[in-house]
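1. need coordinates for the following:
(one chain, ligands or ions: 1)
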Amino acid sequence: MAFDKFNLNSKTALITGAAGLLGIEHAAALLDSGAQVVLTDISEAGLLSAHVALARNFDTTKINTKVMDVADPERVRAVAEDLLAAGLRVDILVNNAAIDPKVKGEQGVLETSRLENFPLNQWNLQMSVGLTGAFLCSQVFGTAMAKDGKGGVILNIASDLSIFSPDQRLYSKQGLDESMQPVKPVTYSVIKAGLIGLTRYLSTYWAEKNVRCNALSPGGIYNGQSDEFVRRLSSLIPLGRMATKDEYRAAIQFLCSDASSYMNGQNVVMDGGRSVW
Ligand SMILES: NC(=O)c1ccc[n+]([C@@H]2O[C@H](COP(=O)([O-])OP(=O)(O)OC[C@H]3O[C@@H](n4cnc5c(N)ncnc54)[C@H](O)[C@@H]3O)[C@@H](O)[C@H]2O)c1
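-> Below you'll find the model as predicted:
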């Protein structure tokens, strides 16, 4: 049966940043396909709420949680050892954690999102989570996948901004001088484009060990943004709307299972067609 290839019954999937908007959706998708999931996040309270939310629809014996800062190599290694000791082999790694700085914009306040003012400590922090964190998790969990001959899947969650530059007009606020206008920060573009480089590198590095690596690039997800923002963004998207948070679930199921067994090193862009306009 064609659908058997989606079956993840004997697999364990670890998701980083699993307490966030999309992390819970990825977990639901993987649980739905039969996987054990390991939800990891820097926020313990967030993990608790994610667990409660998922427990409403899924078998709790299949849901594990671990506080894990992806930027802390010792913690990543400790989680890997704990899981191994508990008899859980990570077959699927979803590098999803990121810091998405909120775009603000206020008259008279230095707008630190702008390239001219962007603080080095923010650059380092965001890089350490979105890019270095994906490297560290891939190093630890990918090495283990390659080592025992069983292989595995690494999925990097990038963004449509991995393939094009942010349209800063989306974030502009009426009545503010140009130097005060908020923008999508440079880090987001660099991290997401970097993840595609990491994806290509990993896809060949352990290919002979049957470790595949792909990226998923979602477009903007509606999450209570202002009407004006939604209107502006929707006008750039052929489908005329933002995504709903559950619209990536089927892609996660495809990319993390044998259904995509011959897909490797690719960036699957799901942006409502924005990038083709
Ligand atoms: N929401 C969107 O519209 C959208 C669009 C395209 C791509 N994405 C990407 O999807 C992924 C998930 O986005 P989201 O909207 O769910 O974000 P979110 O902010 O809701 O969730 C991110 C999670 O990462 C966690 N986190 C932060 N620092 C961490 C660290 N050091 N270690 C471990 N976890 C840490 C946070 O606690 C949070 O739970 C991100 O990579 C994001 O860039 C999101």
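2. whichever residue of the chain sits closest to the ligand - how many residues pack around it?
-> Taking Cβ to the nearest ligand atom, the ligand has its nearest neighbour within the chain at Gly20, 1.9 Å off. Bear in mind the C-beta positions are built from the backbone N, C-alpha and C, glycine included. Gly20 has 19 neighbours, counted by other Cβ atoms under 10 Å.
3. OK, contacts around it?
-> By Cβ atoms under 8 Å, 6 or more residues apart in numbering, Gly20 lies in contact with 41, 46, 96-97.
4. give the PyMOL command for selecting the buried subset of those.
-> Isolation of the buried members of these (16 or more other Cβ atoms under 10 Å) is achieved in PyMOL through the command below:
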select buried, resi 41+46+96+97
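5. now, which of the contacts of Gly20 sits nearest Ile154?
-> When those are ranked by distance to Ile154 (Cβ to Cβ), Asn96 comes first, at 11.5 Å.
6. surely the closest one is in contact with Ile154?
-> No - applying Cβ atoms under 8 Å, one finds Asn96 not in contact with Ile154, separated by 11.5 Å.
7. now do the same contact list for Asp69.
-> Taking Cβ under 8 Å, 6+ apart as the test, what Asp69 contacts is 42, 75.
8. ok, it to Val94 distance?
-> 16 Å (Cβ to Cβ, to the nearest Å).
9. in the protein, mark out all the helices, start to finish.
-> 21-32, 44-55, 73-85, 120-127, 133-137, 143-147, 186-205, 227-234, 249-255 (DSSP state H).
10. list the contacts of the second one.
-> Identification of contacts with helix 44-55 by Cβ under 8 Å, 6+ apart yields 18-20, 23-24, 27-28, 31, 37, 39-41, 60, 63, 65-67.
11. again, only this time at 7 Å
-> 18-19, 23-24, 27-28, 31, 39, 41, 63, 65, 67 (Cβ atoms under 7 Å, 6 or more residues apart in numbering).
12. just the buried ones from the residues you listed?
-> Buried subset of the contacts of helix 44-55 (neighbour count, 16+ other Cβ under 10 Å): 18-19, 23-24, 27-28, 31, 39, 41, 63, 65.
13. report the two of those separated the most.
-> Leu31 and Asp41 (16.3 Å).
14. before we move on, back to that, nearest to Asp167, of the buried ones among the contacts of helix 44-55?
-> Closest to Asp167, out of all of the buried ones among the contacts of helix 44-55 and judged by Cβ to Cβ, is Gly23, at 26.2 Å.
15. is Val94 bridged to anything, and to what?
-> In this entry, Val94 is beta-bridged to Ile15, Leu155, by DSSP bridges.
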